[in-house]
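In: Just a sequence and a predicted model for now, questions to come.
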Amino acid sequence: MNEAKKYHKLKFFVSSKFLFLLPAFALISVFVIYPLILAVGYSFTDYYLLKPNDISFVGLDNYKEISKDKYARLAFVNSSQYVIYIVPLQVALSLILALLIAKKSKINTIFRTAFFSPFILSIIVVSLLWKNILDPELGIVNVFLANLGFEKQAFFSNPDLALPTISFIILWQGISFQMLIIMAALQDIPISLYEAAEMEGANAWHKFIYITIPSIKDQLLFVLIVVTTGTFKIIIEPLVLTNGGPQGSTSSILLYMFEQGTRYRQIGYASAITVVFAVLLIIVAFIQRKLVKEE
C-alpha cells in the first residue's frame, strides 16, 4: 500500500498537472512566501534602510516596542473599528440591494449598472472624488449643509468624523461587488420552493428566513470572509484622504507599517508589525473557518 502511494505521488510530480501548477507556485513563492520569510527574519533585527550593511540581532525588541508604541496600538484599534463599521453594514446592505434588484427586468438592469459603477473605478479616483465632495469649504455636501443653515463639517480633519467618513466611502465603493455575488445566488434558488411555501400559507418573512437565507448561506459566509479580510487590509483610502491623521485617528495597521518602512526607513520595526498583522489575519481566518465548518 505504501509503495502504491509513493508511486502515485511520484506520478503527480512528473505529470502535466504539476507543470501547470509551477507558474502559480513560482509567483506565490517570489511575491508571498519569500517576502514573508524575509519579514520574519528582519523583525528580529534593527535593520535601517539607509544603513543596509549595519544590521544587528535585537531579539524581541521590535515586538516589545510595538506593545509600547501608542500609535501602533492606535492603528490596531482603528483597523478593528473599520471592521466594526464596515463589515456588518456591507453584508446587510448587499443582501438588501440584491433582494431589491434580483428579478430580471430593464429597470433592474439599469440599477445594477448604477450600483456596480463605483466598484470599477480606481480606489484613488474614488478617494479623490469624495475628498472634493466633502471639502470643508467648497465641497457640495458642506455647501448643501450651509444652505440649510447647518455648520460646515471638517469631515477629514475632525478626529471624531474622519474614520466614520472613510468607512462610509469604503462601504459605498465595495458594496456593489458583494451585492452581485448575493444576487447571483438568489437567482439560482428554484422558484418552486417559494411556490410550495405559498401553498403552505407561508408569508414573505417566512420565505425569507426558511428558504432564502438557507439557500444562500454559503455565499453570505463567503462575502463575510472577503469583506472582513479586505477591511483589515485597508491602506489606500486613509493614505490618500488623511495620511493617517488627524492625530493618527484613521491610520490602519498596513498604513502604519508602510510609514515605518518607507518614511522612517525602519525596516526591522516595520517587519515586526507585518508579522503581528499576519498572525492576526491567520487568527481571523481560523475563526471564520470554524464558523463556516460549524455552519
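Out: Here it is on my side, so go on.

In: Check the offset of the longest helix along the chain from the chain's centre.
Out: Looking across the chain with DSSP state H, the single longest helix is helix 70-101. In terms of CA atoms, centre = their mean, to the nearest Å, the centre of helix 70-101 is set 9 Å apart from its chain centre.

In: what pLDDT, on average, does that helix get?
Out: Mean pLDDT, helix 70-101: 91.

In: For it, which residues meet the burial criterion?
Out: Judged by neighbour count (16 or more other CB atoms under 10 Å), helix 70-101 contains these buried residues: 72, 74-76, 78-79, 81-83, 85-87, 90-91, 94-95, 97-98, 101. In this view, the C-beta of every residue, glycine as well, is placed from N, C-alpha and C.

In: ditto for stretch 216-231
Out: Ile216, Gln219, Leu220, Phe222, Val223, Leu224, Ile225, Val226, Val227, Thr228, Gly230, Thr231.

In: quick one: which of the residues you listed is nearest to Asn142?
Out: Asn142 lies nearest to Thr231 out of the buried residues of stretch 216-231, by CB to CB, at 27.2 Å.

In: Pass me the low-pLDDT residue ranges in the stretch 1-150 of the chain, would you?
Out: For the stretch 1-150 of the chain, the stretches with pLDDT under 70 are 1-18, 105.

In: Repeat the analysis, applying 50 as the threshold.
Out: 1, 7 (pLDDT under 50).

In: which stretches of it form helices?
Out: 2-13, 16-28, 34-42, 61-68, 70-101, 106-120, 123-133, 140-147 (DSSP state H, counting those that start in this stretch).

In: coming back round to it: and which of the buried residues of stretch 216-231 is nearest to Gly41?
Out: Gly230 (27.8 Å).

In: Surely that closest one touches Leu171?
Out: No - here Gly230 lies out of contact with Leu171, judged by CB atoms under 8 Å, at a distance of 11.5 Å.

In: Find the centremost residue of this structure, please.
Out: Gly230 (1.2 Å; CA atoms, centre = their mean).

In: Pull the contacting residues for it.
Out: Gly174 (CB atoms under 8 Å, 6 or more residues apart in numbering).

In: Show me what secondary structure element comes after the helix or strand hosting it.
Out: Per DSSP states H and E, Gly230 falls inside helix 217-232. Remark: after helix 217-232, the chain's next helix or strand is helix 236-241, criterion DSSP H and E.

In: and that next one, how far out from the chain's middle?
Out: 14 Å.

In: What's the mean pLDDT across the host helix or strand of Pro214?
Out: Using DSSP H and E, Pro214 sits within helix 213-215. Across helix 213-215, pLDDT averages out at 88.

In: For it, what is the distance to the chain centroid?
Out: For helix 213-215, the distance to the chain centre is 24 Å (CA atoms, centre = their mean).
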